[in-house]
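S.K.: Sequence and predicted structure below; questions after.
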Amino acid sequence: MTTPPNAVEAPPALRTPASASLHRVLAVARRHWLVLKRSPHRFFDVLVWPLVDTLLYGSIGLFAAQAAQSAKGSPGTGTTVAVYLLSGTVLWHLVHQTQISLATGFLEETWSRNVLGLMATPMRDWEYLAGVGLFALVRMAASTSAVAVLAFTAYAFDVTTLGLGLIPVAALLLACGWSVALLVVGLVLRYGSGAEALVWGALSVVMPLSGVFYPVSTLPAALRPIAEVLPTTHVFAAGRALAGGGGMPWRELSLAAAGTLLLLVLSVYALRRLLRTFRRRGLVTRYS
């Protein structure tokens, strides 16, 4: 069969459903990259704030090491505190930037009143989330790399000393960040702009309970059971074990993996329920 002379042939990238989905995912990621590129002030969250945290906690750790040495105590104690602070800072910004990037990526659509436009396109929910998630990975990589470089150049802390254990730790933190972000996106869809505070506040509540820089045994007794339930607690415990030169912390990684999987399943389920309510009640009019 010959093609009619006036027919418009589909671009090669759109000839199959799979390639069309990939095209839409990449388009969403590019859209958010252009927003970041054309708004230099947005780099504050990506680079400036993480570097400030590194300077803060790195200097506290260095002070602890110097104080221990001046007091003629065990210098190893101060050094251990410094290592825990720096490793915790690097790992914290990995999960924090993942969550913030994915959640604020969606908020960009609400701020620009583009939610209705997205719903009018043939784009599926998972394609949009995949595109924002891809952009979040790039943003997280830039932020975490900057933190790791500053920690190495200013405080001689090499994050690669964590060894191969860094791979599952990083993967679990990424999954935790995505899970919290999905839940926050669902709550913003359901309850409107009033829930936007959760984008920045959700992980801030989790941070002290997860023992990012210290074991949860130092928490008040009433909070320890809550801390033990959080998967992030076991991820950071595994990170501290690796930073301290221990072997692969299989128990902590196993508990973290089970908790992260449960959190991810619950977040996806909650997002689907909240999105269904959002569509059924016509709540999109908030953003039009």
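M.R.: Sure thing, it's come through. From a predicted model like this one, the values you see are computed outputs, not experimental measurements. Numbers count the residues shown, from 1 in each chain.

S.K.: what comes up buried for stretch 129-146?
M.R.: Neighbour-count burial for stretch 129-146 flags 129-137, 139-140, 142-144, 146 (criterion: 16 or more other CB atoms under 10 Å). Any C-beta I mention is one placed from the backbone N, CA and C, and that applies to glycine too.

S.K.: for the strand or helix carrying residue 88, packing partners?
M.R.: Here residue 88 is covered by helix 75-111, with elements defined by DSSP states H and E. In terms of contacts (3 or more CB pairs under 8 Å, 6 or more residues apart in numbering; DSSP states H and E), helix 75-111 is packed against helix 17-37, helix 49-70, helix 125-155, helix 166-191, helix 197-209, helix 231-243.

S.K.: contacting residues for the residue nearest the centre of the chain?
M.R.: With distances taken as CA atoms, centre = their mean, the residue of the chain nearest its centroid is residue 98 (1.9 Å). By CB atoms under 8 Å, 6 or more residues apart in numbering, the residues touching residue 98 are 136, 137, 140, 173, 174, 177, 178, 181.

S.K.: Looking at the residues you listed, which one is closest to residue 268?
M.R.: residue 178 (9.7 Å; CB to CB).

S.K.: For this protein, which residues score under the pLDDT cut-off?
M.R.: 1-15, 71-79, 288 (pLDDT under 70).

S.K.: Next, the angle from the helix holding residue 88 to helix 166-191.
M.R.: Using axes from the mean of the first three to the mean of the last three CA atoms, to 10 degrees, one finds that helix 75-111 and helix 166-191 are set 40 degrees apart in direction.

S.K.: ok, residues contacting the following helix or strand past helix 75-111?
M.R.: Of the helices and strands lying after helix 75-111 in sequence (DSSP H and E), the nearest is helix 115-119. With contacts defined as CB under 8 Å, 6+ apart, helix 115-119 is touched by 109, 128, 284, 287, 288.

S.K.: count of residues packed around the nearest residue to residue 198 once chain neighbours are set aside?
M.R.: Closest residue to residue 198 apart from its sequence neighbours, by CB to CB, 6 or more residues apart in numbering: residue 184 at 4.9 Å. The local packing of residue 184 (other CB atoms under 10 Å) involves 28 other residues.

S.K.: Residue 184 against residue 195, yeah?
M.R.: Yes: applying CB atoms under 8 Å, one finds residue 184 in contact with residue 195, separated by 7.5 Å.

S.K.: returning to that earlier point: dump the contacts of helix 115-119 to CSV, plus distance to residue 225 and neighbour count.
M.R.: Below are those laid out as CSV (distance: CB to CB, whole Å; neighbours: other CB atoms under 10 Å):
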residue, distance to residue 225, neighbour count
109, 38, 19
128, 37, 20
284, 40, 14
287, 39, 20
288, 45, 10
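
S.K.: can you tell me which two in the residues you listed are farthest apart?
M.R.: Pairwise distances across the contacts of helix 115-119 (CB to CB) peak at 17.5 Å, for the pair 128 and 288.

S.K.: Tell me how far the nearest residue to residue 46 once chain neighbours are set aside lies from residue 233.
M.R.: Excluding the flanking residues, the one nearest residue 46 by CB to CB, 6+ apart is residue 143, at 5.2 Å. Applying CB to CB, to the nearest Å, the value for residue 143 to residue 233 is 22 Å.

S.K.: try residue 16
M.R.: For residue 16, the distance to residue 233 - CB to CB - is 44 Å.

S.K.: Check residue 182 too.
M.R.: 20 Å.

S.K.: swap in residue 107?
M.R.: Distance from residue 107 to residue 233, counting by CB to CB: 28 Å.

S.K.: Show me which of these two is the more surrounded one.
M.R.: residue 233 (25 against 16).

S.K.: wait, doesn't the more buried one sit right on residue 210?
M.R.: Yes: using CB under 8 Å, residue 233 makes contact with residue 210 at a distance of 4.8 Å.
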